[in-house]
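1. any chance you can model this:
(one chain, ligands or ions: 1)
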Amino acid sequence: MSDNIADTALAIKEMRIRGAGRIACAGVVALKEFADGYVGTGFDKFLQDLERSKKVLLDSRPTAVSLWNGLHACTKNISKADSVEEARQLISDGAKNFVEMSSKATEAIAKIGARGIQSGDIIMTHCNSSVALGVIKEAHRQGKDIKVYATESRPWRQGIITVNELADTGIDTTLIIDSAVRSVMNNVDKVFVGADTISSNGSVINKIGTSQLALAADEARVKFNVCSETYKFSPLTMFGDMVTIEERGYDEVVKTGEVNSSVKIFNPVFDSTPAKYIDAIITELGIISPGSVYDIMVRQLGDSIFDSR
Ligand code: RI2
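-> Next up is the predicted model:
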C-alpha cells in the first residue's frame, strides 16, 4: 500500500478532508499519485494494487458516492491499457478531467442557483456544503441583500465553518442550534443544502438533520433546494442498492465517562430526505426535479450503465 493512499484514506476518515466533493477530488488525486509513483513493472500486479488502493480509499467513508464515482471515472477505461505506462496515463488524464469538471460544476451551480435568490431573501443552510455556499455567496456577490441562518450541525459542528465562511464574505449570518430549525423556519424564504449522494428515485442523502430541515420547510411552505453536481448521483441505486449511512463513534457525541456506561450512543451522520420534500435539485446541467434524476443518470452513463455495477 502506498503511503499517499493510506494517508489520504486516513485524512478522509478523520475528517481532515471532508465535504463530498473534496473527498472525491482528494481520492482521485491520491490514485493518480499512486499510479505516477508506481515502481513495479508487472501489469497484473499493478492492476491488483490499483484495486486494493481503490478499496482502501472507498472504505474511508462509505456514504458519499462522489468518491466512488470519482475513482470509477479515473479507472473505467483501464481495460484498454496493456501496460503500466498506458494505465498510468489513463488514470492521470481521468484524475485531471475529474478535478477540472468538479470545479467547473461548482461554479456553474453557483451561477444557476443564485438566479433563484432574490434581494431580501432569508435563507437557511445546514452543515458545510461548498456547493450550497457557492450559490449563496454568488447571490451576495451579485449585490443581492440576503440573510442566512446556518445550523450548528452537531456533532462535528461544521456549521461553525459555514458561519465564518459566510461572515468573512460580508453576508448577514446567524448561527442556530439544530433543534431551533423548526421554529426559525417560519422566518425563512428558501433552504439551500448540499448532497453526499442522490438516489435514482430522487431522494437525497446528506448530513444528519437534513431531512428535519426538509420536513420543517414543507410544513412552513418554504422552498427546499439541493445543490449537487451530477457526480453525486448514485448509479448503484438504479440496481436497488441501498446507500450505506455511516455511523461514527460515541466519542463524537459525548466525552468518555460523561454518561452511564450502560447508555448506548447511536451516531448516524447522514440521513435520507425523500424526493417528495425536495422542490429542486440544482446541478451543473440546470435545475431539475427529483423525478428527473434517473433519466439524467441513464443519459450520462449511456452504454456503460452496466459497467457501474
Ligand atoms: P460539498 C458534507 O459531508 C455535508 O453533508 C455536505 O452537505 C456534503 O458533504 C456536501 O458537501 P461531511 O464530509 O461537496 O461534512 O457540497 O460529513 O462541499
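
2. so which residues of the stretch 51-200 of the chain form helices?
-> 65-75, 84-114, 130-141, 158-168, 181-185 (DSSP state H, counting those that start in this stretch).

3. can I see the domain layout of this protein?
-> 3-107, 109-302 (automatic domain parsing).

4. how about CSV for these, with mean neighbour count, distance to the ligand and mean pLDDT added?
-> Every residue, glycine included, has its C-beta placed from N, CA and C. Listed next are these as CSV, based on neighbours: other Cβ atoms under 10 Å; distance: least, Cβ to the nearest ligand atom, whole Å; pLDDT from 0 to 100:
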stretch, mean neighbour count, distance to the ligand, mean pLDDT
domain 3-107, 18, 3, 95
domain 109-302, 18, 3, 96
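
5. in this structure, which spans are strands?
-> Applying DSSP state E to the chain gives strands spanning 122-125, 147-151, 172-176, 190-193, 197-198, 204-207, 223-227, 270-273, 280-283, 286-288.

6. before we move on, the earlier item: can you tell which of the helices of the stretch 51-200 of the chain is closest to residue 280?
-> helix 84-114 (8.9 Å; Cβ to Cβ).

7. that closest one: how far from the chain's middle?
-> Distance of helix 84-114 from the chain centroid (Cα atoms, centre = their mean, to the nearest Å) equals 15 Å.

8. looking just at contacts, which helices and strands does that helix meet?
-> Applying 3 or more Cβ pairs under 8 Å, 6 or more residues apart in numbering; DSSP states H and E, we find helix 84-114 packed against helix 20-36, helix 43-60, helix 65-75, helix 130-141, strand 223-227, strand 280-283, strand 286-288.

9. distance to residue 267 for the ones you listed - can I get that in CSV?
-> Listed next are these as CSV, based on distance: least, Cβ to Cβ, whole Å:
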stretch, distance to residue 267
helix 20-36, 19
helix 43-60, 17
helix 65-75, 21
helix 130-141, 23
strand 223-227, 23
strand 280-283, 27
strand 286-288, 32
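
10. as TSV, the helices of the stretch 51-200 of the chain with distance to residue 212 would be great.
-> Below are the helices of the stretch 51-200 of the chain laid out as TSV (distance: least, Cβ to Cβ, whole Å):
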stretch	distance to residue 212
helix 65-75	22
helix 84-114	22
helix 130-141	16
helix 158-168	14
helix 181-185	6
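
11. for residue 194, which of the ones you listed is the nearest?
-> helix 130-141 (4.6 Å).

12. now the angle from that closest one to helix 84-114?
-> Using axes from the mean of the first three to the mean of the last three Cα atoms, to 10 degrees, the direction of helix 130-141 lies 40 degrees away from that of helix 84-114.

13. elements contacting helix 130-141?
-> Checking 3+ Cβ pairs under 8 Å, 6+ apart, helix 130-141 ends up next to helix 20-36, helix 84-114, strand 122-125, helix 158-168, strand 190-193, strand 223-227.

14. what residues are up against the closest residue to residue 94 other than its chain neighbours?
-> What sits nearest to residue 94 in space, not counting adjacent residues and going by Cβ to Cβ, 6 or more residues apart in numbering, is residue 74, at 3.5 Å. Going by Cβ atoms under 8 Å, 6 or more residues apart in numbering, residue 74 touches 28, 31-32, 90-91, 94-95, 98.
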